[in-house]
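> Predicted coordinates and the sequence they were generated for:
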Amino acid sequence: MKSFIPEVKSVKLIGCKGDGEKAYKCDVEMEIAQMGSTNKGIAPMRFVKGSDGWTVSE
């Protein structure tokens, strides 16, 4: 059952651009293992600074 849960192996920041007063759009390279295979790819993410710190938003 544990093999169905994705495991983040590594995360690497590729680059970011400002997207408003307290936000950044970033490209992030991630390596994820699930069900016996490992996949690596780049995903765009938007980070926003809130009262509790930084979070990922859509």
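Right, received. Where do you want to start? Residues are numbered from 1 along each chain as shown.
> which residues of this structure score low on pLDDT?
1 (pLDDT under 70).
> what about 50?
Applying pLDDT under 50 to the chain flags no residue at all.
> Which parts of the protein are strands?
Taking DSSP state E to define them, one finds strands in the chain at 7-18, 23-34, 37-50, 53-57.
> List the strands paired with the last one, with their directions.
The strands that strand 53-57 pairs with in its sheet are strand 37-50 (antiparallel) (by DSSP bridges).
> now do the first one
With DSSP bridges as the test, strand 7-18 is paired with strand 23-34 (antiparallel).
> what residues does the partner strand touch?
For strand 23-34, the external contacting residues (Cβ atoms under 8 Å, 6 or more residues apart in numbering) are 3-19, 38-49, 57. Just so you know, the C-beta spots here come from the backbone N, C-alpha and C atoms, and that holds for glycine as well.
> Show me which residues of it are buried.
Neighbour counts over strand 23-34 (16 or more other Cβ atoms under 10 Å) mark Y24, C26, V28, M30, I32 as buried.
> what's the distance between the closest residue to V11 other than its chain neighbours and Y24?
Leaving out its chain neighbours, the residue that sits closest to V11 by Cβ to Cβ, 6 or more residues apart in numbering is M30, at 5.3 Å. Distance of M30 to Y24, computed by Cβ to Cβ, to the nearest Å: 17 Å.
> K2 now?
Taking Cβ to Cβ, one finds K2 at 34 Å from Y24.
> circling back to that earlier point, let me know which of the strands of the chain is tucked in deepest.
strand 23-34 (a mean of 15; mean count of other Cβ atoms under 10 Å).
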